[in-house]
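Peer 1: The sequence isn't on hand, but the structure is:
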């Protein structure tokens, strides 16, 4: 009938919901077989392979795909094809890919092809370049990446501080080590009136670039200059961004240390009334749920008027019962990513760090002390795990025991 739209009958069932539009990158390659083998070794699944009439292949992982097509005449050293992959836990992705590169190549290459860029505490992205010269950039979801990109524009930065932030952008966002080195060289040449701590930080950053660019003599010289300014001193004032960066690395560290260990190792203890690595991970999960961020919010909302809720240090005994280590590591990774995003969303300013709250046993504490303790708590338990793991071979190391602080407990 003209002017009416037919509808499906009841027997046909409802019309399928339209699928959302999406884009899929297609990257050129020299050899489909070699390319798929490379990515498969990094943990990707090959979901499609075609050799004729046109070479084509597809890999998939965690809900996203990368497509590759054969192209004659590619010079991988001069290639510039790029795509972005947004992920929730960029530190964990980097740690896993780096580990798989070591297993496949015997090293984690920072130069040549293939290669993987650095991943420092607090970074929001890194780049993996495959044997064809395709650069796949993994970027952390959320607003933190854009804040990092624009950090060098902060009007309150000194010229040297701005150069440090600009060098970070050039390295991590543009993968341009030469431009980053030049930015630091110019700023260091004009840094006579800058604070020693900033000069030391710039020297350390420039020394790292010198090593990447194969200028070892310059790196040694710059590292000596940084040491003279106290860059390696044992204690430093609390800096929120540094605390957040350290906290962000803990899940990947735990996964790298424990993820592939035999069960006997992860359930080993140092003695009676001590915790195994398995129990420590459970303890960290409970703290993530009930301790750190909840106490930050209580302090900000109530000040000293309301004491923090008490923390059950032994809740993991029941919470972790019947679960696998992989489940605990996955949960901790998700929780830590969420709590750090929530912490960033608070947009804390320096005066906030002096705000005061009440601990049920310790009395009045500041937000600065609470956040610094969160960092130290992570490191304390990582050190504990290192002792447990290190002591497994304590009877086998023979006379070298005297040199192994992880076994002897000696400071130094």
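Peer 2: Done, it's in. Bear in mind the structure is a predicted one, so any value in this text is a computation, not a measurement.

Peer 1: use CA for all of it now, contacts and neighbours both
Peer 2: OK.

Peer 1: and residue 39, what is it in contact with?
Peer 2: If a contact means CA atoms under 8 Å, 6 or more residues apart in numbering, then residue 39 has residue 59 as its contacts.

Peer 1: make it 10 Å
Peer 2: When contacts are counted by CA atoms under 10 Å, 6 or more residues apart in numbering, residue 39 touches 45-46, 59-60, 66, 97, 130-131.

Peer 1: and which of these is nearest to residue 197?
Peer 2: Nearest to residue 197 out of the contacts of residue 39 is residue 97 (CA to CA; 33.5 Å).

Peer 1: picking that back up, can you flag which of the contacts of residue 39 belong to strands?
Peer 2: Cross-referencing these against strands under DSSP state E gives 45-46, 59-60, 66.

Peer 1: on that earlier part again, between the contacts of residue 39, which is nearest residue 230?
Peer 2: Nearest to residue 230 out of the contacts of residue 39 is residue 97 (CA to CA; 34.4 Å).

Peer 1: what bits of the stretch 301-412 of the chain have low per-residue confidence?
Peer 2: In the predicted model, the stretch 301-412 of the chain carries pLDDT under 70 at residues 410-412.

Peer 1: Could you do the chain as well?
Peer 2: 1-13, 231-234, 410-412.

Peer 1: How is it partitioned into domains?
Peer 2: 26-140, 144-228, 240-408 (automatic domain parsing).

Peer 1: Out of the ones you listed, which is closest to residue 14?
Peer 2: The closest of the domains of the chain to residue 14 is domain 26-140. By CA to CA, the value is 26.8 Å.

Peer 1: residues of stretch 94-103 that come out buried?
Peer 2: The neighbour-count check on stretch 94-103 (16 or more other CA atoms under 10 Å) flags 94-101 as buried.

Peer 1: re the thing from before, which one of the contacts of residue 39 is nearest to residue 286?
Peer 2: Of all the contacts of residue 39, residue 286 sits closest to residue 97, with 28.3 Å by CA to CA.

Peer 1: Now the closest one. Nearest residue, chain neighbours left out?
Peer 2: Computed as CA to CA, 6 or more residues apart in numbering, the closest residue to residue 97 that is not its neighbour in sequence is residue 42, at 6.1 Å.

Peer 1: now the helices for the stretch 251-400 of the chain?
Peer 2: Remark: helices assigned in the stretch 251-400 of the chain by DSSP state H, counting those that start in this stretch are 263-266, 277-290, 292-302, 316-319, 325-345, 367-390.

Peer 1: cool, the stretch 1-150 of the chain as well?
Peer 2: Under DSSP H, counting those that start in this stretch, the stretch 1-150 of the chain gives helices at 32-41, 90-105, 144-150.

Peer 1: Take the buried residues of stretch 94-103 and write them to JSON lines, including distance to residue 347.
Peer 2: JSON lines is the format used below for those (distance: CA to CA, whole Å):
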{"residue": "94", "distance to residue 347": "26"}
{"residue": "95", "distance to residue 347": "28"}
{"residue": "96", "distance to residue 347": "30"}
{"residue": "97", "distance to residue 347": "32"}
{"residue": "98", "distance to residue 347": "32"}
{"residue": "99", "distance to residue 347": "34"}
{"residue": "100", "distance to residue 347": "36"}
{"residue": "101", "distance to residue 347": "37"}
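
Peer 1: ok, those vs residue 381, which is closest?
Peer 2: For these, the nearest to residue 381 is residue 95 (19.7 Å; CA to CA).

Peer 1: Excluding residues flanking it in the chain, which one is nearest the closest one?
Peer 2: The shortest distance from residue 95 to any residue other than its chain neighbours is 6.2 Å, reached at residue 252 (CA to CA, 6+ apart).

Peer 1: List the contacts of the one you found.
Peer 2: Contacts for residue 252 (CA under 10 Å, 6+ apart) come out as 89-96, 258-259, 329, 333.

Peer 1: follow-up on the earlier one: closest to residue 160 among the contacts of residue 39?
Peer 2: Comparing every one of the contacts of residue 39 with residue 160 (CA to CA), the shortest separation belongs to residue 97, at 33.6 Å.

Peer 1: which of the helices of the stretch 251-400 of the chain sits most buried?
Peer 2: For the helices of the stretch 251-400 of the chain, the largest average neighbour count (mean count of other CA atoms under 10 Å) is found in helix 277-290, namely a mean of 21.

Peer 1: Could you name the helices and strands sitting against that one?
Peer 2: In terms of contacts (3 or more CA pairs under 10 Å, 6 or more residues apart in numbering; DSSP states H and E), helix 277-290 is packed against helix 240-258, helix 263-266, helix 292-302, helix 316-319, helix 325-345, helix 367-390.

Peer 1: May I see those helices organised as a markdown table, with distance to residue 226 added?
Peer 2: Below are the helices and strands packed on helix 277-290 laid out as a markdown table (distance: least, CA to CA, whole Å):
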| stretch | distance to residue 226 |
| --- | --- |
| helix 240-258 | 19 |
| helix 263-266 | 39 |
| helix 292-302 | 34 |
| helix 316-319 | 43 |
| helix 325-345 | 30 |
| helix 367-390 | 25 |
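
Peer 1: so which of these gets nearest residue 172?
Peer 2: helix 240-258 (15.1 Å).

Peer 1: Hey, what's the angle from that closest one to helix 367-390? Just curious.
Peer 2: On the basis of axes from the mean of the first three to the mean of the last three CA atoms, to 10 degrees, helix 240-258 is oriented at 20 degrees to helix 367-390.
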